[in-house]
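Colleague: Here is a sequence together with a model predicted from it:
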Amino acid sequence: MHNNAIFSILFILMVFPVFSQQNPTRVFGKITSSEKVLSGIIVSLEGTSFETKTDSEGTFSINAPSGRYKLICNGIGYQSQTFKVTIKKNTPKEINITLLPNAIAYPKELKTKSTLSSEVPQALNNVAIKGKSFAKKLESKGFAVTVIETKEAYLRNLQTNELLNQTAGVKVRQNGGLGSSVEYNLNGMSGSSVGIFIDGIEISTYGSSFNLNTIPPAMIERIEVYKGVLPAHLSGDFLGGAINVILKKGGMRNNLTASVSYGSFNTTQADISGMYRDSKTGFTARGSGFYNYSDNNYEVWGKFVSNQLPNGRVENVRAKRFNDAFKSVGGRLELGFTDVKWADNFMINYIGSDTYKEVQHGQYMSTPYKGRFTESQAHVISLNYNKKNLFTKGLEFNFNGVYSDRNQYIQDTVKWAYNWFGEKVIGLHGDPLPTLNGAQQGRPTMNTITRKITNLRSDLQYKIAQNHKLELNHSFYIADREDSDELRNILESSYLATSDITKNVTSLGYEMQAFNSRLKTNLFGKYYRQKVERVEPKVEVVDGQNVRVEQRINDLRTTTGYGFASSYSINSTIVILASAEKAVRMPSEGEIFGNQAENLVGNPNLRPEISTNFNLGFRIDSYSVNKHRISFSVSSFIRDTKDKIVILSNDRPVSAVETFPYENLNKTQAIGFEAEMNYMLNNNLNIMLNMSKFSSLYKNKYAPNGQFLSTRYNVQLPNEPFLTANGSVQYKMNDILQKKSILNLHYNFSYVHPFNTIWAKSDHFMTPPQFIQDVGASYIFPNKKIVVSFDAKNIFNREAYDNFAVQKPGRAFYLKLNYTINNF
Amino acid sequence: MKNRILNFFICAAVLTTLSLTSCNTDNDNSEDSVNPGNTDRWITLSGAMMGTNPGDGNGGTMVYSVSVADAKNPEKSINVYDDGFHVRSQRTARLQSSEDGNTLFNIAYTGPNGGEFSKYSVNGGKNHAESDVKVNIAAYATTAPRWVKLFDGDKTGIAVNLSGIKVTTDENKVYKHSRGLSTVLALHLKDVLINNYKQYEIPFSAEEEVLGHYISRLDGPVLNKAGNKLIIGIGKGKHNPATGLADATAYTKIGAKSVVVDYPSLENPTIISSTISVGNTNGYRSFNAFLGEDGNIYQATQNDNGGSRILKINQNNQYDNSYVFSLDAALGITGTYVDAWRYAGNGIGYILYTHDNANGQGFIARVDLNTQKATIVDIPYDADLDFGQYQGFVVNGDDVYIAITPVGKDGNIYIINSKTNVVTKGAKLINKPGNHYIGVF
């Protein structure tokens, strides 16, 4: 039924190819700043695929059919500008433009009016100040994608995860304070069904020391959040969507930015980044570094924070977290060439990072830990090559190869039980109580996991004709993992299984524009091939002797997915977006082979988990009346998941050990919508509101005996925050204290509706309603080099939870200083 | 208050009558008077909701209480899911009740409050008042403790646990043994506090240990007649000495065992071993061993070769290997597996079991411990009847109350007279798809 609908839509979209058959006319010109010619500025005709970059002389040239257009100039570090252009047949047009620098990169909406240089011909006098940022462009490609620009956030005391959490349809669930483990929920899908990428490469490649907990917003250009349907170039087996973090490329200007922030819980964060480019040779060097530290010793007082008296009685307490410190250091160095003849971008890249994190508790806060910690390091080398018009016009090649050598160490050796005051728990007989398994979380461990990962991604795009583009993408991933626990004896260790996993994902995409670029369509198919090789040591008796024999097991499975994304502009402000995909998640190594340590029995016959995703929405871009500007978007979605891989419980163990097998079983469906509204007055006041509501429904209709499961079928799954809302108000004031200074005031709230964490209706297991409010201010000094920001978070000191029974920080204050030097 | 005093007297009267009746039966084997027990007590039904799979019971536990008259009345309907009270536990609650039915005891199983012991006074219907003091035994017995009440007049609950199983090798890296830490903990049910606890490493015999056998689980404690020893059931595990990992080969099982500790000191753990059975003796979610009037303890086995058995532990706290009671033999079937059972007095017990080729379907048998005979109880059986999680029986006078509902289907309370074996259909139990009733308290 659904499938038929998709195919009919696809068919309709395919039978309307529109080719422009006119002879194009040339539009050309030169772009300069007040001091010099500007290379690498993107010049495009809005709403079309005509786009080019200025060369080293600052000149550009576009061939387009006659008509009326809006010409847009975009360059990092410069205010974007738009001009109305009328192209007449056989009349080449020259346009020369002067761009004004951004003192400090600031979000589009807050930009001051740009002035037009005198070189601009009279005919172009009618200027609309309206740029289409990369974000807008991506958001109107048809995918259910939200683009978060970090331009403003990095000035403030905001973590990358906090930024994500304020986005419609995204819920970040973190197990404690800064640096603790995080799970992302996109429109009701979470866990391994959500992919996290850095520049299109799976984040697991970079290791746990370089992730969204540690990367400061200052290093990030933007974050793309794809809900459900993934474009062809993000090739992974993720059926819930993906978060793609685009690291800063730094633009074309030499610059140096540094910031340092200090606040509650001894939280210190610093980052520095800079870039140098020699405009003659194209030699480019970029570097960035970060440092994060927090004691995370915030106070907790929720109903699950309790100590035990020697006689077992439970006593609720207020206490400070005492084993939760977090430290991370990392850096990135890039050397290469940009905008040279043989490459648009050729970079060799090194990322090194190191993280230390103490672990305060497990899934719940009930039992505090002392002395459990993890350490991770990663060394990542990558090569990036990008060239447009390679060999022939219209052929673009992109290659990204990453090799990472990373290791993670987990230590848990403290044998005593501790209470929330950080003291040993005293038992009935007056003695300290040892923990039951010999360490805080389980058995004592000093475990090192070493992974060597190679991830190669190549992407080839070819413009077959003016409005038609083909894209071929291949991703190759191989991971080699080794575990060694110093506290396991050699006998056990030598019989633990090891495994390698190889993944190949090939995708083919086709992008088409029609009806004067009002209709944009993306079609794509993906082919997944996964091979898991496992070496399982076994004992065999040879000549009466026990001999260690390695048994090799190979598991190879392939599957396909496909989808489309489409957008249609009704007029210049209203866009309708639709997308659908059959997405795939391959069973993981653990699910196929099991994990003996956790009594999990693998199932080599597991089928891949399949989800059918649909998104439908519309957006009204910047609808203006006088000084009021409003934009609005709504998107609805369905995620239909089949063959969900679950663990079956086993009541009557037939073997001596209780074991839990994996099976393909449940059907679930997430269905919901999200909405976002932006209002701006006079370029000074900006109000944003978003909300997301969905139901994650249990879809197993019948019990094995054929009985209709009326009490469960179509019932909301527990432990899903299904109704959330965020809002922010920003107000800009000029010339406060000093002439030419800018003061920005911020207010944020986030609301999470109560949700049940277990199937049964129970007040005890219901989360409280959460309404968390933050305020902040940032002051930009007249020289535009220094910005000071102050943020107060959770100002009313409310109990805040991401995960049930894990309390988040209460009231906290942070101060941040940013310093930028341009053009040294 | 008045009601309670009244209850107490009725209770006392009943107990007296009961003991007199028992004496009578012992003396002249007559089945003259039928003892209806305490007709003024509450009967509490518990139902487990499905989590993700029908019949898994992982969605939490609801309870609802009715009078004895209502429980026996087939015209009455009970619906714990719509009308009941949610017992605080993320997964299936581990319930026990006082002998008079006026108090429910629960230890939450897993979740943020796993290991928390709480007490509810039963006031009929969904009215269950929780006591304001709580004890958490998670530090001693994990957040998923196994526990039962002793038959000592509602004074004591015993929680047991085994954790931290560790493989030890000698200096040549050759396997030596696997052992875990055993915990035995006594709860003061009235005052809601921990009475006593002891922790020890209990080894099997050297010959057994070198083969890789170890204690993997403890459960089903029972107090002996003298009141000076606790007998605790053992689930056995085995590692492969060649690899130090779980043994997946078809190894030879060793004899069924129990741990014996001094009571109330909980000291001096020793292991006793049966030559009759090679099963486990820990049961699953309720009692697995009972003290008979003859002073012997009768203990069921699971995972036994040739089906479940009932073993006898004599007053010297040793297995009586002359006592042979195979359920396979007594019922003329193979692969019997005891899910739960309850001793009703006078050598009579009721066993909930399944067997080979039954697809996990549950059955009830009346067993006579004195004659080693077993007969299936005649109730309407259903392919979806599953006692895998069954927890609670009420023995009130001669009456044994059992809640019988196939997964997802309505059922009834059945009241079986342990003397006459007359089966009476009681109140109707309204069920929901995927759910089942798991006990009467």
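Modeller: Thanks, I have it.
Colleague: Please list the residues of the stretch 701-824 of chain A that sit near chain B.
Modeller: Residues of the stretch 701-824 of chain A lying near chain B by CB under 8 Å from any CB of the partner chain: A:703-705, A:707-712, A:757-762, A:764-765, A:804-805. C-beta here means a position set from N, CA and C on the backbone, and glycine is covered the same way.
Colleague: Make a PyMOL selection of the buried ones in those.
Modeller: Buried members of these, defined by 16 or more other CB atoms under 10 Å in any protein chain shown, are picked up in PyMOL with:
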select buried, chain A and resi 703+707+709+711+712+757+758+759+760+762+764+765+804+805
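Colleague: Could you tell me which residues of the stretch 301-441 of chain B lie near chain A?
Modeller: The stretch 301-441 of chain B comes close to chain A at residues B:302-303, B:337, B:339, B:354, B:360, B:383-384, B:388-389, B:407-409, B:432-435, as judged by CB under 8 Å from any CB.
Colleague: redo that, cut-off 7 Å
Modeller: Within the stretch 301-441 of chain B, the positions near chain A by CB under 7 Å from any CB of the partner chain are B:337, B:384, B:388, B:389, B:408, B:432, B:433, B:434.
Colleague: Which residues are in contact with the second one?
Modeller: For residue B:384, the contacting residues are A:705, B:406, B:407, B:408, B:409, taking CB atoms under 7 Å, 6 or more residues apart in numbering or on different chains as the criterion.
Colleague: Select from those residues the one having the most neighbours.
Modeller: Within these, residue B:407 tops the neighbour count with 26 neighbours, counted by other CB atoms under 10 Å in any protein chain shown.
Colleague: so which helix or strand takes in that residue?
Modeller: Per DSSP states H and E: residue B:407 is located in neither a helix nor a strand.
Colleague: and stretch B:157-171, C-alpha only, in PDB?
Modeller: Only the C-alpha atoms of stretch B:157-171 are listed here, as PDB (Å, rounded to 0.1, in the frame of the first residue of the first chain):
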ATOM      1  CA  GLY B 157      12.200 -13.000  55.300                       C
ATOM      2  CA  ILE B 158      15.300 -14.500  53.900                       C
ATOM      3  CA  ALA B 159      17.000 -13.000  50.800                       C
ATOM      4  CA  VAL B 160      19.800 -14.800  49.100                       C
ATOM      5  CA  ASN B 161      22.200 -14.000  46.300                       C
ATOM      6  CA  LEU B 162      25.200 -15.200  44.500                       C
ATOM      7  CA  SER B 163      27.400 -12.800  42.600                       C
ATOM      8  CA  GLY B 164      30.900 -12.200  41.300                       C
ATOM      9  CA  ILE B 165      31.700 -15.600  39.900                       C
ATOM     10  CA  LYS B 166      35.500 -15.600  39.300                       C
ATOM     11  CA  VAL B 167      37.700 -18.100  37.600                       C
ATOM     12  CA  THR B 168      40.900 -18.900  39.500                       C
ATOM     13  CA  THR B 169      44.000 -20.500  37.900                       C
ATOM     14  CA  ASP B 170      47.100 -21.800  39.500                       C
ATOM     15  CA  GLU B 171      50.600 -20.600  38.900                       C
END
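Colleague: residues of that stretch that come out buried?
Modeller: B:157, B:158, B:159, B:160, B:161, B:162, B:163, B:164, B:165, B:166, B:167, B:169.
Colleague: same deal with stretch B:326-341?
Modeller: The neighbour-count criterion (16+ other CB under 10 Å) identifies B:326-331, B:333, B:335-341 as the buried residues of stretch B:326-341.
Colleague: Show me the buried residues of stretch B:157-171 that map onto strands.
Modeller: Cross-referencing those against strands under DSSP state E gives B:157, B:158, B:159, B:160, B:161, B:162, B:163, B:164, B:165, B:166, B:167, B:169.
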